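K.L.:
this one's sequence-less:
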C-alpha cells in the first residue's frame, strides 16, 4: 500500500454519533510520522476541536498498528533544510544549531501540550506498536484501549538519552518507578505486563481492540458536549497545578540539549552508525549493543 502526503492522516466526522475518527495512515512505516505528517495530524485535531457537533475523537492507526513515533530515517530533516539549521554552507546531514533545536522542539512539544489539553474526549485504539511519540500519544488519550501484545516504550532513549519526551506526563501517568525504568533502559515491553497497574483504561486481546475502543467512544459521546469541555478544562487545571508546573518548558529544553549528545568510546552513537550502515542495520546494532541477558535464577 502506498500513500501520498495528504492521505497519511485520515479524518472522518460522524455527526450522528458525534464521533470523529482520525487514522494515522502510513502503514509501510508502521505509522511513524515526519514533521509534515504530524502537522497534518495537528490540523485534523483542530478540525475536530472546532466542530461543535463532535464530542469524541477516536485516534487509531491503520492496519492494526498505532504508531512507532517519529520517523528517524532522516533525523535532521525534523530541523528543516540545512540553511535553516544555521548551516548555510554545510552538508545536508550537518548538525542543527542549538538555537534551531530549541525553536523546533518548542513547536514539537506544543503539539503534545495541545493534545493533552484537547477539548473533546480522546479515545485511543492501540495495537501492534506504540513507541516513542506513539507511546506518548497513547498515554495522553483520555480513554485508552490497548492490545495485550502491543509493544510499548521509548527506545529512542537508547540513542538520545533519557531527557526525551514529555517527562511530566511519564512520571504522572506511569508513576516515578516505572517511568525511570523505561526511560533509563529504553526497554520495549508488552502492554499486558502493565495491565495490573491500570495505566490504560482497558487491556484486552488484539481481536477485541477495535470493538472495545468503539464502545468507549460511543459511551463517551452520550455525555453533554458542554459538560465534556468543562470537565476537560477542569482536568487540565488539576494536572497543571499538581504535576506539570514548569515542566512543560523543561521537556523541550532538555530534549533540545539531549539531541546534541557527545559520545564516549564504547557508547552507541545511533546517528553515526546509521550513516555508516543504514537505518535498518543501525536499529539491529542498537538492540544488540543494549542487550543484557537476564541472570540465571537460583533453583
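P.N.:
In hand now; what should we look at? Here the structure is a predicted model, which is why all the values come from computation and not from measurement.
K.L.:
For the protein, name the helix or strand with the lowest mean pLDDT.
P.N.:
helix 247-258 (a mean of 66; mean pLDDT, DSSP states H and E).
K.L.:
immediately after it, which helix or strand?
P.N.:
Proceeding N to C from helix 247-258, the next assigned helix or strand is helix 270-277, under DSSP states H and E.
K.L.:
Can you give the distance from that following helix to the centre of its chain?
P.N.:
23 Å (C-alpha atoms, centre = their mean, to the nearest Å).
K.L.:
any idea which helix or strand comes after that helix?
P.N.:
Using DSSP H and E, the first helix or strand after helix 270-277 is helix 279-290.
K.L.:
Contacts for that following helix next, please.
P.N.:
By C-beta atoms under 8 Å, 6 or more residues apart in numbering, the residues outside helix 279-290 that reach it are 72-73, 155, 158-159, 185-186, 268, 270, 273-274, 277. C-beta: built from backbone N, CA, C; applies to glycine.
K.L.:
Mark which of these are buried, thanks.
P.N.:
72, 155, 158-159, 185-186, 268, 270, 273-274 (16 or more other C-beta atoms under 10 Å).
K.L.:
can you list those in JSON lines and add distance to residue 168 and pLDDT?
P.N.:
Shown next, in JSON lines, are the buried ones among the contacts of helix 279-290 (distance: C-beta to C-beta, whole Å; pLDDT from 0 to 100):
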{"residue": "72", "distance to residue 168": "24", "pLDDT": "75"}
{"residue": "155", "distance to residue 168": "20", "pLDDT": "91"}
{"residue": "158", "distance to residue 168": "22", "pLDDT": "84"}
{"residue": "159", "distance to residue 168": "22", "pLDDT": "77"}
{"residue": "185", "distance to residue 168": "20", "pLDDT": "93"}
{"residue": "186", "distance to residue 168": "19", "pLDDT": "92"}
{"residue": "268", "distance to residue 168": "27", "pLDDT": "88"}
{"residue": "270", "distance to residue 168": "25", "pLDDT": "84"}
{"residue": "273", "distance to residue 168": "31", "pLDDT": "89"}
{"residue": "274", "distance to residue 168": "30", "pLDDT": "85"}
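K.L.:
which of these sit farthest apart?
P.N.:
Greatest spacing in those, by C-beta to C-beta: 185 and 274 (21.2 Å).
K.L.:
Can you pull the poorly scored residue ranges out of the stretch 51-200 of the chain?
P.N.:
When residues are selected by pLDDT under 70, those of the stretch 51-200 of the chain lie in 74-76, 81-94, 162-165.
K.L.:
Now with 50, please.
P.N.:
Applying pLDDT under 50 to the stretch 51-200 of the chain flags residues 85.
K.L.:
ok, the spatially closest residue to residue 49 that is not a sequence neighbour - contacts?
P.N.:
Counting by C-beta to C-beta, 6 or more residues apart in numbering, residue 49 lies nearest to residue 119, which is 5.5 Å off, once chain neighbours are set aside. Contacts of residue 119 were listed using C-beta under 8 Å, 6+ apart, and they are 49, 228-229, 232-233.
K.L.:
Alright, I will stop here.
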